[in-house]
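> Can you look at this prediction? I've put the sequence above it.
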Amino acid sequence: MVFLYWITFFLFLYGISFVAKRIAQPSLTEWIITCFVLFVGSIIPTGFVLSALDLTANVFAWIIGNYIALALHFAIWSFLIRNKESYSIRSIIANRGASFRLWFGELSPYLKTIFAFMFGTLAIIAVTNLILVLFTVPNEWDSMTGHLNRAIRYIQRGTMEHFGGTNWSMDTYPKSLTTIHIYSYLISGDVENAFKLIHQMAYYVTLVSVFGITQRIGRNLSASFFCALAYSVFLDFLMQAVTTETDIVLTAYLGCLLYFLFTYYTNRDSRYLYLTGITFAIVTGHKATFALLMPSVFVIMIYTVFLAPGFKVFLERTLRLGLAISFFALIYTVPTGYIRNIQVFGHPIGPATARYHQSYERAGGAANLFEQGSRNVIRYTYDFWNLDGIRNAQWGYDLNTAIRKPLVILEDKLHMRLDEETDFTIVPFSFQRGFYYYNANPYWGVFGFALILPLMLLVLIRIFRSRVHFFLVIAFCLNLAAISYSAAYDPFKGRYFMEAGIFGVLFLLLLFSNHRLSIIKPRRNVWKGYIMVVVGLACISGIMAVYLNIRCLPFASYGVESAFKMDRIPYQTFARPDVTKAYMRFDSIVPENATVALATVNSDFEYPLYGKDLTRRLISINPFEEGLRPIPKDADYLFYARKIVNDTSKIRALPTDIRLGSDTTLYRRMFLSEKGEDYYLRKLK
C-alpha cells in the first residue's frame, strides 16, 4: 500500500510540473518557483476541505483531493493566462547546463576561487543536511509543544477542528502548514521524517528565488549566483532546513512573492500579478507574523506595481492585484483559523495571555513604547554584529569578543542602557548572548555586518545611488522597526530576520553592478582581498553552524552524543533535560497503542509521548486557560503534572500514582528557559 502512496505522490508531482509549464514562461527558475506554489497551493485547500468532512486521516481522500485541487488550478490558470508558450523542460535544463559551464569557464581566477569556495560549502551543507533530515527525528521546542503535536492530534481526531489543546498554539496557530505536514506524513506511509519535506524544499526554493530576483534586477549571472550562494550560508536559514520550524517556509513564500513582483516589473505581464495574489494569500494564511513584513512588501509593491505612467494604468494594475489577492484569500487565508480564533478568543491571533507575552502592550504607554522600541532597534542591530557560527568554537568566541569591544565601549559612552533597561524585554539584552541563543538562533553572520548592513547604510544616505536598492533598504528598515516596536526584545527573534535577509542579500548585487564597488574590474586588490576574506569566513561559519548545532549534531561535540546515536527521548527532550528521565520511564511503562489523558501545562513537551511510531492516543484534559476536565472513560493511563492534579482539584492525586522522576532542581543549575514539572503516571484500566 505504501508503494501505491509513493506512486500517487510522484504522479502528483508530475501533474504539478505539467501545470507549472502552462503558467511559467520558458525559465527554469520560474518553473521551479511555480511548481512550489502549486504544490502548497493544492495541498492547503485540500486539507481544509478534508477537515470539514472529517477525512483528515484518510490517505485516499488526500490523493483524490489533491488531484482535484490541481485540476482546478489547471482550469483557473488556463482561464487567466491565454498566451501560452510551448517549451520543453528537458531542453531548458540542458541549455542552462551549457550556459553554466560557459559562464564558469569565462570567470577570472579570482571569481573562480570565490565561487569554488561557495559552491563547495553549499555542497557540504546540502549533503549533511539531507542526511540529518533522513536519519534524525524532529526535536525543536515549538514542534514538541505545538506544530507536530497538533498534526498528530488532528490525524487521530480525523479533523483539524478546534479541540482545546494544552499549548495555546495547538488551536490558534494557522493551519496551512499543518495540512502539508499531515499530507507528507500520510503519503509517505507514516514516515515521521517526512514532516521535514516542506522545510527542506523551502531551503532550495528560497535560493532559487534569490537567484531569480537578482536576475530580474541586475541581469548579471555572476551576481545572481553570488547572492543565492551567500544566502545559502545565512545561518538560521540553513539551520532551519533540518527542522520543522515555520520561519523557513515563510521565507520561501516571501521569496516567491518578491520574484513575481520583480518579474512583473520587468515585463508587465499580468500573470505575475495573479501569481503575486495567490502567493500573498498563502503567506498571509501561513503565519500571523507575516504582518511584520507587510509594510516592507507594500514598499516593494510601490516600486514594482503602483508607480505607473498614468492613473488609468495604476488603477488597472491595482485592480488586478487587489482582485487576485481577494479571490485567493478566500481559499488560502480565510479558512486557516483566524476567523475561528475570533469566535473562540475574540482575536484573530489567539488568547490575550499569549498575545501579551510578546506584544507591544508590555511597554505600557506610547512614550515608553517609543523609548524602549528604539532601544530594541539598537539591540537587534548590535546582535547582527557577531561572528555567528564561528563563535560556536572557543577561538571564535574569543575573536568575537575582541571585535565587539568598540561597540560595547560606544554603548557605554552614549549611555543607551541596552542591558540595564529590562521592562520591554522577554530575555534581557546582553552584549554576549548565551550559548543556547546564538547557537540555536544566529543572525546573518559575517556577510551581514561586514558587507550588507554597511552597503544598506551607504545606499540609505545616498552615497551609492540605486533606485531599487533604496526601496529595498526602506523595506528592511520597516521590518526592523516592526520587530522592534511590536513586541518586547527577545534573543530568539533572530529567526525573524531570516525573511528580511532576502532584502539584505540583494545588496550584494552592487559588488557586480556598481562601478565604485565592482569586484569584476581589474586591480582593486585590497577591496577584492576583503571580499574574499568575508566570503571565506562566511563559508567557515556556515559549516561550523551545521556541524556545531547542538540541537542536531552530525558528530559528537560539546560532550554531547551525535544526533544519529542519541536515543529518541533524550534527543527530543534535549531542551528540557530535567524531564528526560520522567519521559523515558513513561515510555517504558505505557504500551505503544495506549490512550493517555494528559493533565500537563502549556509549555510541556507532548510530542515525545506519542511513542516512536506515534501510535499512542493523547487526550488533553487541561486545555489552555479552560481548567481541568474529567478523565475520559476511554483513557488507559493518566499522565499529569503534580501542580495540576492535587488534593483540592477535580482529580485527586493517589498514593498509588507512579512518580516518574523529574529533576526539578536542574532548572536553576542549568539556567533552563522553562522549569520542568513533577510528573506522575496512573494506570486507569
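Everything's here; your move. Numbering: from 1, shown residues only.

> Look up how far M170 lies from the closest residue to R157 other than its chain neighbours.
Closest residue in space to R157, ignoring its immediate chain neighbours: F163 at 6.5 Å, by C-beta to C-beta, 6 or more residues apart in numbering. All C-beta atoms are positioned from the backbone trio N, CA, C, and that covers glycine. In this structure, F163 and M170 are separated by 8 Å, where distance is defined by C-beta to C-beta, to the nearest Å.

> got it, and C256?
Remark: distance between C256 and M170 (C-beta to C-beta) = 28 Å.

> picking up where we left off before, pretty sure the residue nearest to R157 contacts Q156?
No. Taking C-beta atoms under 8 Å as the contact criterion, F163 and Q156 are not neighbours in contact, 10.1 Å apart.

> For F163 and M170, indicate the residue with more neighbours.
M170 (25 against 15; other C-beta atoms under 10 Å).

> Contact partners for that one?
Under the criterion of C-beta atoms under 8 Å, 6 or more residues apart in numbering, the contact partners of M170 comprise 145-146, 149-150, 153, 620.

> One more pass at 6 Å, please.
M170 makes contact with 146, 150 under the criterion C-beta atoms under 6 Å, 6 or more residues apart in numbering.

> what about L618, which SS state?
Each residue gets one of three states, and L618 gets strand by DSSP: H, G, I helix; E, B strand; the rest coil.

> what bridges to it?
Each beta-bridge partner of L618 is listed here, defined by DSSP bridges: V596.

> Quick one: neighbours of it, just the number.
Under the neighbour criterion other C-beta under 10 Å, L618 is assigned a count of 23.

> how far out from the middle of the chain is stretch 563-576?
22 Å (C-alpha atoms, centre = their mean, to the nearest Å).

> mean confidence score for that stretch?
Along stretch 563-576, the predicted confidence averages to a pLDDT of 92.

> residues making contact with that stretch?
Contacts of stretch 563-576 from elsewhere in the structure, counted by C-beta under 6 Å, 6+ apart, are 135-136, 139, 141, 552-553, 579-580, 583-584, 587, 605, 608, 612, 676.

> now do stretch 478-491
Counting by C-beta under 6 Å, 6+ apart, stretch 478-491 makes contact with 292-293, 295-296, 358, 360, 362, 373, 376-377, 379, 424-427, 429, 433, 437, 496, 500, all of which sit outside it.

> now with 7 Å?
For stretch 478-491, the surrounding residues in contact (C-beta atoms under 7 Å, 6 or more residues apart in numbering) are 292-293, 295-296, 299, 358-360, 362, 369, 373, 376-377, 379-380, 424-427, 429, 433, 437, 441, 493, 496, 500.

> pLDDT score assigned to the closest residue to F497 other than its chain neighbours?
On the basis of C-beta to C-beta, 6+ apart, the spatially nearest residue to F497 that is not a chain neighbour turns out to be Y443, at 6.0 Å. pLDDT, the model's per-residue confidence, is 90 for Y443.

> Then F429?
Per the predicted model, pLDDT is 84 at F429.

> Would you mind confirming that it makes contact with R417?
No. In this structure, F429 is not within contact of R417 by C-beta atoms under 7 Å, at 9.7 Å.

> quick one: low-confidence parts of this protein?
Within the chain, the segments meeting pLDDT under 70 span 356-364, 647-649, 664-673.

> Go through the longest helix belonging to the chain and flag the buried ones.
Criterion DSSP state H: the longest helix present in the chain is helix 109-135. Residues of helix 109-135 classed as buried: 110-111, 114-115, 117-118, 121-122, 125-126, 128-129, 132-133 (neighbour count, 16 or more other C-beta atoms under 10 Å).
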